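[1] What would the 3D arrangement of this be:
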Amino acid sequence: MTHGVDVNKNRLDDLDRVILRDSLSEPFSKKNICNIGCGESSLSIALCSLGHFVYNYDRRDLHSFFSMTSELFQKQKFVSMNISDIKAHNLPKQIHALVFQRVLHYLSYKNTQDILHLVTKQLAEGGKIYISLTGLDSQIGQGYTAKHDPITSRMGHIAVDDQHSFNITEKLCLYSKDEAEQLIQSIPGLHIEKIWISHFGNIKIVVQKI
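    Residues are numbered from 1 along each chain as shown. You can find the predicted model right below:
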């Protein structure tokens with residue numbers, strides 16, 4: 001089983017920049033932020049440096065990475081856990097923002113609904129969820145075996161060459177923009193603030209709890 005290329009440590013993308021901008025919207029307001037499927041996250045380090053407390057979750061054991069940033073270590077927590085195993089007691093009691101960067105594609109549509117229901121219950125009113133979903137029209141989607149399956153049952157492998165390039169051998173659930181909107185609309189209490197398709201064909205969503 002492989003876990004994908006960890007791009008989180010190499011760059012901040014367009015969604016990361018939106019998260020950082022929003023985190024500065026209320027000066028002196030320190031937030032609890034959950035970064036789920038964090039990888040070796042440059043974003044988490046940046047958020048900690050701004051004074052926020054970041055809860056990091058990843059199925060790999062990245063304790064050594066996060067402890068290396070010793071000056072920020074007391075402003076973050078790392079939990080080694082598969083996203084599908086996260087329960088309410090694994091999360092802070094009040095969450096101001098959640099980040100799902102390139103991780104929800106490992107879950108089925110139903111399991112993604114379940115995790116969004118769970119985190120929404122602990123998300124503060126007005127809090128936001130930032131989501132990056134791998135798109136059907138992205139490079140990964142070009143040879144995707146489940147491209148024409150209904151979203152509710154869609155789980156398929158990417159092309160063999162792409163499995164090597166992206167270090168992903170598991171089945172994935174990829175989305176169109178309309179299907180991403182359908183996903184968010186199926187969760188009570190959530191409102192899409194912004195949705196767009198990135199240059200690489202992935203779907204980026206900023207969601208607010210109302």
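[2] Check which element follows the helix or strand of the chain with the lowest mean pLDDT along the chain.
    Lowest mean confidence among the helices and strands of the chain (mean pLDDT, DSSP states H and E): helix 63-68, at a mean of 81. Next helix or strand after helix 63-68 toward the C-terminus (DSSP states H and E): strand 76-80.
[3] That next one: which residues count as buried?
    76, 78-79 (16 or more other C-beta atoms under 10 Å). Placement of C-beta: from N, CA and C, glycine included.
[4] which strands and helices sit next to the least confident helix or strand of the chain?
    strand 76-80 (3 or more C-beta pairs under 8 Å, 6 or more residues apart in numbering; DSSP states H and E).
[5] Send me the helix or strand following the strand it packs on as CSV with only the CA atoms.
    Helices and strands here follow DSSP H and E; after strand 76-80, the next one along the chain is strand 95-101. Extracted in CSV, the C-alpha atoms of strand 95-101 (Å, rounded to 0.1, in the frame of the first residue of the first chain):
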residue,chain,number,x,y,z
ILE,A,95,-12.7,23.4,15.9
HIS,A,96,-12.4,26.7,14.0
ALA,A,97,-11.1,25.4,10.8
LEU,A,98,-10.4,22.0,9.1
VAL,A,99,-8.2,21.2,6.2
PHE,A,100,-8.5,18.2,3.9
GLN,A,101,-5.8,18.5,1.3
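[6] Now do the longest helix belonging to the chain and strand 95-101, the angle between them.
    Counting by DSSP state H, the longest helix found in the chain is helix 109-122. Using axes from the mean of the first three to the mean of the last three C-alpha atoms, to 10 degrees, the direction of helix 109-122 lies 160 degrees away from that of strand 95-101.
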